[in-house]
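J.: pasted the sequence and its predicted model underneath.
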Number of protein chains: 2
Amino acid sequence: MREDLKEDSNEGWLDSIQWDDKGLIPAIAQETGSGKILMMAWMNRESLALTRQTGHAVYWSRSRRKLWHKGEESGHQQVVQAIRLDCDADVILLEVEQRGGIACHTGRHNCFFRELRDGEWVEIAPVLKDPAAIYKKS
Amino acid sequence: MREDLKEDSNEGWLDSIQWDDKGLIPAIAQETGSGKILMMAWMNRESLALTRQTGHAVYWSRSRRKLWHKGEESGHQQVVQAIRLDCDADVILLEVEQRGGIACHTGRHNCFFRELRDGEWVEIAPVLKDPAAIYKKS
């Protein structure tokens, strides 16, 4: 880890957070302007420190067990406008500008594209771009 | 458990959900109209079934280890307009009407009242009602 990152992750504001038993906190990304909820992912201490430092959302991928610089492959980065914390200090809310207008890996604007109607999950939002075109192998 | 509740919680739409290793899923409550994020809490299978059945948000309190009918003491119920599910089926988004205009137990409109500014968490929203007046002992 670079020395300047190490220093930043020692900052006191990170100590206020109630990390869960895996050292994580849920982070909700809300789109500035539209107010739409784009996604929810998880952060560890390092990813939250990096989010502040870089000004771009950095999550912790639980499946890949590594830092996930949102948009690193797709270019669909999230530019952070504000970082908020809830009353119990165990949920983060990011206000972000969504580059490319696509937050979801399915190619949709956001991840909450299924709605419960008459006891069935119904898709309510279109695919804006084919994921195969978003995640091109280099 | 009442027989009709038991039947409802057997419904297939609940089987689509990726419950975590504790049998829970995070549920974000967003205010209809304003688009503000009110809070995030947790649901188990029974609380989500009850949320649909009653039309009011019912969470699972991890600290009290029991069903939490939001507003049961305060009257600040959340009337559910829509239930949405994300791409990985592991986060719920509720669109709700917030009775009393107060979602947070601190007496604020919502729980995300701290914002990171110059490396410090700063309170950015006022207390609308004294919690002592909200949670009167009967």
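T.: Nice, I can see it.

J.: switch to C-alpha atoms for all contacts and neighbour counts from now on
T.: OK.

J.: for the nearest residue to A:Ile28 once chain neighbours are set aside, what are phi and psi?
T.: Taking Cα to Cα, 6 or more residues apart in numbering or on different chains, and ignoring the residues beside it in sequence, A:Ile28 has A:Met40 as its nearest neighbour in space, at 4.4 Å. A:Met40 adopts backbone torsions of phi -130, psi 130, taken as degrees, to the nearest 10.

J.: so A:Met40 is in contact with B:Ile92, correct?
T.: No. Using Cα atoms under 8 Å, A:Met40 is not in contact with B:Ile92; the gap is 9.6 Å.

J.: do you know the pLDDT at the residue nearest to A:Ile28?
T.: A:Met40 is assigned a pLDDT of 98 by the prediction.

J.: neighbours of it, just the number please.
T.: Residues lying near A:Met40 (other Cα atoms under 10 Å in any protein chain shown) number 25.

J.: how close does A:Arg64 sit to A:Asp21?
T.: A:Arg64 sits at a distance of 18 Å from A:Asp21 (criterion: Cα to Cα, to the nearest Å).

J.: typo on my end, it should be A:Ser61
T.: Applying Cα to Cα to A:Ser61 and A:Asp21 gives a distance of 16 Å.

J.: top helix in chain A by residue count?
T.: Criterion DSSP state H: the longest helix present in chain A is helix A:45-54.

J.: buried residues in it?
T.: If you call a residue buried by 16 or more other Cα atoms under 10 Å in any protein chain shown, then helix A:45-54 has these buried ones: A:45-52.

J.: can you give the distance of that helix from its chain's centre?
T.: The gap between the average C-alpha position of helix A:45-54 and the chain average comes to 12 Å, counting by Cα atoms, centre = their mean, to the nearest Å.

J.: anything in the helix or strand following it near chain B?
T.: Proceeding C-terminally, helix A:45-54 gives way to strand A:58-61 as the next helix or strand, assigned by DSSP states H and E. No. Strand A:58-61 stays out of contact with chain B when judged by Cα under 8 Å from any Cα of the partner chain, the minimum separation being 12.9 Å.

J.: what about strand A:58-61, average pLDDT?
T.: What strand A:58-61 shows for mean pLDDT is 98.

J.: report pLDDT for A:Lys136.
T.: Taken from the predicted model, the pLDDT recorded for A:Lys136 is 75.

J.: look up how far chain B lies from it.
T.: 20 Å (Cα to the nearest Cα, to the nearest Å).
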